[in-house]
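Student: Next one to model:
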Amino acid sequence: MRGKYLLAVVVFGSAIAVLAAAFVLPFGKIERLESKPVLSPRGEGFESAGVFNPAVVKVGAKTVMLYRAQDEKGRSRIGYATSTDGIHFTRRSEPVLVPEAPYEKGGGVEDPRVVKIGGEYLMTYTGYNNVDGVGPGHKDAQLCLATSTDLIHWHRQGVIMPAYKGKWNVGWTKSGAIVTERIHGKYWMYYLGDARELGSQMGLAVSEDLRHWTDATSEPALRSRPHTFDARVVEPGPPPVVLPEGILLIYNGADDHLVYRTGWVLFDKNDPAHMLARAEQPIFEPREEWEKIGQVPNVVFVEGLIREPRRWLFYYGGADKYIGVAAATTN
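Tutor: Numbering: from 1, shown residues only. Predicted coordinates for the structure are as follows:
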């Protein structure tokens, strides 16, 4: 029986490898547009220790960046910056979202991802309570939602994927990447959870109104793989892109040494839980000194994406301290 099971795993893995080889990414090699960060920590205030893990939105000719800003006490807020060329950014002097809710005590608000659906912007973010949470050490991280019409004034919608309460998740929830197109009349979101005895895995949630979300599956939608670049973590990056071939999701993987690199996965447009193809090798990895040395070493964490006619722009956190931008030519 065990032999048949192992054979099935090998056959399934081989089929995925064939599909991955057949699928051609819609962009070429990712290259850094700048060898230095486009944003770095500054001053003694809310962004003095780190600026990283950015979301980006195109508003007319302007690029708006919302990013995690961390002070010297480790408390996070959401900063705001704009650019006319996608490289040089002007920052707002004050954050646009600060810790206020009970589920944001101490740690703050982290790691935004932003989509526009209809006339509304939706920002998923992590609410980190390290004061009186119910988890080990009184710490909780939970996936939350805020909405806005101008990207500056945000209205909390609360925790949308509670920690410790999922169909398979037994720990924290983070990193909500929403598919902007309805599928079978519903909205779908990839997120990060903790599976029992497996650690950080990628889940799939579903919603009819973009406010109330539930697990769409009873197990992770994408699992880590031993001895690979995503052996320890498979975490959603920017919001997915719907292509003719399927739902393309850029994700961030961590290996056994917790080096973070970038991968991709393609899901079925008719069944967002069904994986069609997956990267065998990373498409982006730490190289510059500021990506290797920081608050957390050896990290590139892609969280923002803009598609232009001739190129794709990838915005990422470097070593949990800086923000960089890279680009790839459209195929």
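Student: what's near enough to touch the residue nearest to the spatial centre of the chain?
Tutor: Averaging the C-alpha coordinates of the chain gives a centre point, and the residue nearest to it by Cα atoms, centre = their mean is residue 237 (2.9 Å). Listed by Cβ atoms under 8 Å, 6 or more residues apart in numbering, the contact set of residue 237 reads 177, 249-252, 262, 301-303, 305. Backbone N, C-alpha and C define where each C-beta goes, glycine included.
Student: closest to residue 125 among those?
Tutor: Nearest to residue 125 out of those is residue 303 (Cβ to Cβ; 10.9 Å).
Student: Against residue 217, how distant is that closest one?
Tutor: Relative to residue 217, residue 303 is positioned 24 Å away (Cβ to Cβ, to the nearest Å).
Student: and what of residue 166?
Tutor: 10 Å.
Student: Same question for residue 298.
Tutor: The gap separating residue 298 from residue 217 is 31 Å, by Cβ to Cβ.
Student: Let me see the ranges of the strands in the stretch 51-200 of the chain.
Tutor: If DSSP state E, counting those that start in this stretch is used as the criterion, the strands of the stretch 51-200 of the chain fall at 62-70, 76-83, 90-91, 106-117, 120-129, 140-148, 155-161, 174-183, 186-195, 199-207.
Student: circling back: intersection of neighbour lists for residue 166 and residue 217?
Tutor: For the pair residue 166 and residue 217, residues contacting each of them under the criterion Cβ under 8 Å, 6+ apart are residue 203.
Student: Between these two, which is the more surrounded one?
Tutor: For the pair residue 166 and residue 217, the greater number of neighbours falls to residue 166 (21 against 15), based on other Cβ atoms under 10 Å.
Student: Quick check on the closest residue to that one other than its chain neighbours: phi, psi?
Tutor: Nearest residue to residue 166, sequence neighbours excluded (Cβ to Cβ, 6 or more residues apart in numbering): residue 215, at 5.2 Å. Backbone torsions of residue 215, given as degrees, to the nearest 10, read phi -60, psi 130.
Student: Can you get me a residue count around residue 215?
Tutor: If you count neighbours by other Cβ under 10 Å, residue 215 ends up with 20.
Student: Bridging across strands, which residues link to it?
Tutor: According to DSSP bridges, the residues that bridge with residue 215 are residue 205.
Student: list the contacts for it?
Tutor: 166-169, 203-206.
Student: Of the contacts of residue 237 - the most surrounded one?
Tutor: Within the contacts of residue 237, neighbour counts (other Cβ under 10 Å) peak at residue 303, which reaches 30 neighbours.
Student: give me the element it is part of.
Tutor: When elements are assigned from DSSP states H and E, residue 303 belongs to strand 300-307.
Student: What is the subsequent helix or strand relative to that strand?
Tutor: Read in the C-terminal direction, the helix or strand following strand 300-307 is strand 311-318, with elements assigned using DSSP H and E.
Student: what does the helix or strand that that following strand is followed by rub up against?
Tutor: In the C-terminal direction, the helix or strand that comes right after strand 311-318 (DSSP H and E) is strand 322-329. For strand 322-329, the external contacting residues (Cβ under 8 Å, 6+ apart) are 27-34, 37-41, 50-52, 54, 65, 67, 86-87, 284, 288, 290-291, 294, 300, 310-318.
Student: Tell me what angle strand 322-329 forms with strand 76-83.
Tutor: Using axes from the mean of the first three to the mean of the last three Cα atoms, to 10 degrees, one finds that strand 322-329 and strand 76-83 are set 50 degrees apart in direction.
Student: circling back to that earlier point, mind pulling up the pLDDT for the residue nearest to the centre of the chain?
Tutor: The confidence metric pLDDT takes the value 98 at residue 237.
Student: Residue ranges in the protein under the pLDDT threshold?
Tutor: Scanning the chain with the threshold set as pLDDT under 70 gives 1-21.
Student: if we go to 90?
Tutor: Judged by pLDDT under 90, the chain has its weakly predicted residues at 1-22, 196-199.
Student: who's in contact with residue 88?
Tutor: Residue 88 neighbours (Cβ under 8 Å, 6+ apart): residue 38.
Student: With residue 65 as the reference, measure out to it.
Tutor: In this structure, residue 88 lies at 11 Å from residue 65, with Cβ to Cβ as the measure.
Student: swap in residue 254?
Tutor: Distance of residue 254 to residue 65, given as Cβ to Cβ: 24 Å.
Student: which one of these two has more residues nearby?
Tutor: When residue 254 and residue 65 are compared for neighbours, residue 65 comes out ahead with 26 against 22, by other Cβ under 10 Å.
Student: Excluding chain neighbours, what is closest to the more buried one?
Tutor: residue 81 (4.6 Å).
Student: Repeat that for residue 193.
Tutor: In this structure, residue 193 finds its nearest non-sequential neighbour in residue 169, 3.4 Å apart by Cβ to Cβ, 6+ apart.
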